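> I'll drop the sequence and a predicted model, then ask my questions.
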Amino acid sequence: QRAALACAKHYPGHGRTTADSHATLPVVETDAETMALDRVPFDAAIAAGVASIMSAHVSFPALDPDGTPGTFSAPIIGALRARGYHGLVVSDALIMEGARAGLTPADAALRAIHAGVDLLLYPEEPLSVARRYREFGITPSCRSAAPESRYVIELSFVAPLKAMRCCCDRPDWKNPSTLS
């Protein structure tokens, strides 16, 4: 018997985009009140206990005046946490142009982690990402004490699952040493 984790995506919404984030950085020019409607499905997913939420490589100036894409935006990811969400925040694929926008793969990964992303999907050049982490003194499972930032770096898929409060009844999920 196996378990799977559900993922709600793309927070805080992707439906109002008119461009493809695989090719460019979409910008959603709408007010915060209208954007609140786009968060209704995420609120329902959170209430249902969804295990992970994927960020959007989309700029939402009404939610982050700097125009920072959702994946790299501490205000946007912070708003998700403020909504009571404590599960995994997963980036969309970091090879997408909406995420890259002039950043090195390692810098994109660090910006996502700094914003509050827990798990990086498809980081380009993973060894350069790991080297960049080490340059900053970040190691797997290292948590920074800096109050303005939160680093949870896990260099495997299983490690974040071990740390999650999984709602699965399987006894081996409750003992991380049995996971591989």
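Happy to help now that I have it.

> and the helices in this structure?
32-38, 40-47, 74-82, 97-100, 105-115, 126-135, 158-163, 171-174 (DSSP state H).

> any chance of those in TSV, plus distance to His10?
All C-beta spots, glycine's among them, are computed from the backbone N, C-alpha and C. Shown next, in TSV, are these (distance: least, C-beta to C-beta, whole Å):
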stretch	distance to His10
helix 32-38	10
helix 40-47	10
helix 74-82	11
helix 97-100	10
helix 105-115	14
helix 126-135	22
helix 158-163	19
helix 171-174	27
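
> let's have those in a markdown table, adding distance to Cys7, mean pLDDT and mean neighbour count.
Listed next are the helices of the chain as a markdown table, based on distance: least, C-beta to C-beta, whole Å; pLDDT from 0 to 100; neighbours: other C-beta atoms under 10 Å:
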| stretch | distance to Cys7 | mean pLDDT | mean neighbour count |
| --- | --- | --- | --- |
| helix 32-38 | 17 | 90 | 13 |
| helix 40-47 | 9 | 95 | 15 |
| helix 74-82 | 13 | 95 | 17 |
| helix 97-100 | 17 | 85 | 21 |
| helix 105-115 | 16 | 88 | 22 |
| helix 126-135 | 21 | 78 | 15 |
| helix 158-163 | 12 | 47 | 16 |
| helix 171-174 | 18 | 40 | 12 |
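
> closest to Ala62 out of the ones you listed?
Among those, the nearest to Ala62 by C-beta to C-beta is helix 32-38 (4.4 Å).

> gap between that closest one and the chain center?
20 Å (C-alpha atoms, centre = their mean, to the nearest Å).
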